[in-house]
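Engineer: I'll drop the sequence and a predicted model, then ask my questions.
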Amino acid sequence: MNPFPSRRRFVQAAGCGAAATLLAGTVSQAAGEAAKTVTLAFVGCAHIHTPGFVKLLAGRKDVKVKSVWDHDAARAEKRARELNAAVVKSADEIWSDADIAGVVICSETNRHAELVAGAVRGRKHLFVEKPLGITGRESFEMADAIEKAGLLFTTGYFMRTAPAHLFLKDLVAKGAFGTITRVRGSNCHNGSLGGWFDTEWRWMADPKIAGVGGFGDLGTHSLDILMWLVGDVATVCADIKVVTGRYGDCDETGEALMRFKNGVTGTLAAGWVDVANPVTLLISGTEGHAVIINNDLFIRSPKLDGADGKRPWQDLPAGPPAPLHQFVDAVAGKKDQPLVTPREAAARVAVMEAMYQSAREKKGVAVG
């Protein structure tokens with residue numbers, strides 16, 4: 001029996017399940033169906049993704065954001081107004097509130113460890129915006145505490161919801177590309193060139209607060225996809241640098257070479273000084289090849305009907321809802337949500353930390 005589905009059979013088998021998840025997480029709420037109300041709190045509102053998360057939660061009829069805390073009172077008040085929530089003076093008020101089932105942590109990265117510890121003490125499920133921590137060590141300590149407490153967790157690795165990435169993960173698992181020899185991920189935009197971090201989000205261009213600069217900020221997403229597809233990383237070598245100097249000594253771009261534990265060679269590009277990012281993912285193996293160019297997926301594999309690499313592959317599975325939707329659904333009791341585990345989130349921090357060490361010391365570094 002051929003383990004590699006035709007386009008139509010894959011969509012019927014994989015796509016239907018993903019589509020069902022998507023419909024359960026979004027369309028049913030839009031239709032106003034009765035659902036269990038999930039009570040949440042915002043803990044820190046500093047991240048650039050906060051406005052999008054506020055809009056997402058405000059659009060769900062089954063979510064009540066009861067409280068908002070931030071060390072910046074004006075910032076907390078702004079988001080509380082948008083969510084029709086109360087501002088609390090201390091995060092401790094959230095940890096001790098029995099009505100609150102989960103928290104969305106969008107604080108500065110250097111506050112994550114303290115806030116995650118509080119959420120664990122208060123037994124609150126956690127959505128923590130990436131990266132999980134400043135260092136690999138503190139990130140794994142957070143992961144250990146979350147797992148020991150048996151709490152739900154995920155982070156904002158939204159690229160896992162892309163239909164092309166889901167399709168490729170299935171093909172990699174089934175050996176459609178033979179022995180994979182190399183992979184490449186690229187995630188770049190023009191944030192520095194456009195001054196995205198000049199005002200409200202300035203802390204994100206301060207590595208002492210954010211943990212990383214432009215390379216780590218965007219690179220963690222593509223790194224997550226590469227590790228999700230291929231596995232853990234053993235060693236790295238990286239060149240990370242400032243280009244415009246707009247944000248002082250904050251790095252703005254970089255390139256890293258990785259050796260995965262299974263022998264695959266990987267490269268990662270990321271940064272804030274690119275005017276375009278046409279080739280975002282590449283997988284090359286002894287029997288096949290896949291590349292995403294300008295959001296179109298091209299596949300060449302003798303094990304997949306019609307995969308000649310000449311035309312964009314169109315028949316893809318439906319992606320699941322965004323990570324924050326998944327988190328709310330899981331807190332509401334829906335099973336089998338594709339959440340990122342705390343240990344996965346910590347592992348990405350450890351690899352990125354090794355890349356920055358490599359760039360500083362100008363040598364290869366083993367991932368600790």
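Structural biologist: Alright, I've got the coordinates.

Engineer: can you give me the helices in the chain?
Structural biologist: Counting by DSSP state H, the chain has helices at residues 7-10, 16-22, 28-30, 50-58, 73-83, 92-95, 112-121, 136-149, 163-173, 191-194, 207-210, 214-230, 323-331, 342-361.

Engineer: pLDDT averaged over the third one, what's the number?
Structural biologist: Meaning helix 28-30. Taken as a whole, helix 28-30 has a mean pLDDT of 42.

Engineer: before we move on, back to that, would you reformat the helices of the chain as TSV and include distance to residue 157?
Structural biologist: Any C-beta I mention is one placed from the backbone N, CA and C, and that applies to glycine too. Formatted as TSV, the helices of the chain follow (distance: least, C-beta to C-beta, whole Å):
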stretch	distance to residue 157
helix 7-10	23
helix 16-22	16
helix 28-30	23
helix 50-58	14
helix 73-83	23
helix 92-95	25
helix 112-121	16
helix 136-149	14
helix 163-173	10
helix 191-194	19
helix 207-210	17
helix 214-230	5
helix 323-331	6
helix 342-361	8
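
Engineer: now for those helices, which one comes closest to residue 263?
Structural biologist: Among the helices of the chain, the nearest to residue 263 by C-beta to C-beta is helix 214-230 (9.9 Å).

Engineer: quick one: the closest one to helix 163-173, angle?
Structural biologist: What separates the directions of helix 214-230 and helix 163-173 is an angle of 50 degrees, with axes from the mean of the first three to the mean of the last three C-alpha atoms, to 10 degrees.

Engineer: distance from the chain centre to helix 214-230, please.
Structural biologist: Per C-alpha atoms, centre = their mean, to the nearest Å, the displacement of helix 214-230 from the mean C-alpha position of its chain is 8 Å.

Engineer: columns mean neighbour count and distance to residue 184 on top of the helices of the chain, output as CSV?
Structural biologist: Shown next, in CSV, are the helices of the chain (neighbours: other C-beta atoms under 10 Å; distance: least, C-beta to C-beta, whole Å):
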stretch, mean neighbour count, distance to residue 184
helix 7-10, 15, 24
helix 16-22, 16, 25
helix 28-30, 14, 38
helix 50-58, 18, 28
helix 73-83, 17, 38
helix 92-95, 18, 42
helix 112-121, 20, 29
helix 136-149, 19, 23
helix 163-173, 19, 13
helix 191-194, 19, 21
helix 207-210, 18, 25
helix 214-230, 24, 8
helix 323-331, 24, 24
helix 342-361, 22, 15
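
Engineer: relative to residue 182, which of these is closest?
Structural biologist: helix 214-230 (9.8 Å).

Engineer: let me know the average pLDDT across the closest one.
Structural biologist: Across helix 214-230, the per-residue pLDDT values average to 98.

Engineer: then stretch 72-86?
Structural biologist: Summarised as a single mean, pLDDT over stretch 72-86 is 97.

Engineer: now do that stretch: distance to the chain's middle.
Structural biologist: With C-alpha atoms, centre = their mean, you get 25 Å for stretch 72-86.

Engineer: circling back to that earlier point, so for residue 314, which of the helices of the chain sits nearest?
Structural biologist: Using C-beta to C-beta, those put helix 7-10 closest to residue 314, at 7.7 Å.

Engineer: wait, doesn't residue 90 sit right on residue 69?
Structural biologist: Yes. With contact defined as C-beta atoms under 8 Å, residue 90 reaches residue 69; the gap is 7.0 Å.

Engineer: those two: who's more crowded?
Structural biologist: Counted by other C-beta atoms under 10 Å, residue 90 and residue 69 do not tie: residue 69 has more neighbours, with 25 against 10.

Engineer: so that one is in contact with residue 88, correct?
Structural biologist: Yes. Using C-beta under 8 Å, residue 69 is in contact with residue 88, at 5.0 Å.

Engineer: so which of the helices of the chain gets nearest residue 294?
Structural biologist: Per C-beta to C-beta, nearest to residue 294 of those: helix 163-173, 11.9 Å.

Engineer: contact partners of the closest one?
Structural biologist: Applying C-beta atoms under 8 Å, 6 or more residues apart in numbering, the contact partners of helix 163-173 are 4, 10, 14, 18, 159-160, 177, 180, 225, 228-230, 281, 283, 288, 290, 292, 295, 297, 299, 301, 304, 313, 316-319.

Engineer: these, buried ones only, as a PyMOL selection?
Structural biologist: For the buried members of the contacts of helix 163-173, the matching PyMOL selection, counting by 16 or more other C-beta atoms under 10 Å, is:
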select buried, resi 4+10+14+18+159+160+177+180+225+228+229+230+281+283+288+290+292+297+299+301+304+313+316+317+318+319
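
Engineer: about what we covered before: find residues that contact each of residue 69 and residue 88.
Structural biologist: Joint contacts of residue 69 and residue 88 (C-beta under 8 Å, 6+ apart) are 41, 94.

Engineer: rewinding a little: between the helices of the chain, which gets nearest to residue 240?
Structural biologist: Smallest distance to residue 240 across the helices of the chain (C-beta to C-beta): 3.9 Å, for helix 342-361.

Engineer: hey, where'd the strands end up in the stretch 201-350 of the chain?
Structural biologist: For the stretch 201-350 of the chain, the strands defined by DSSP state E, counting those that start in this stretch occupy 233-241, 253-260, 265-271, 279-285, 289-293, 296-300.

Engineer: pLDDT (mean, whole number) over the last one?
Structural biologist: Going back to what we said before, that points to strand 296-300. Taken as a whole, strand 296-300 has a mean pLDDT of 98.

Engineer: could you give the angle of that strand to strand 289-293?
Structural biologist: Interaxial angle, strand 296-300 versus strand 289-293 (the same axes, to 10 degrees): 170 degrees.
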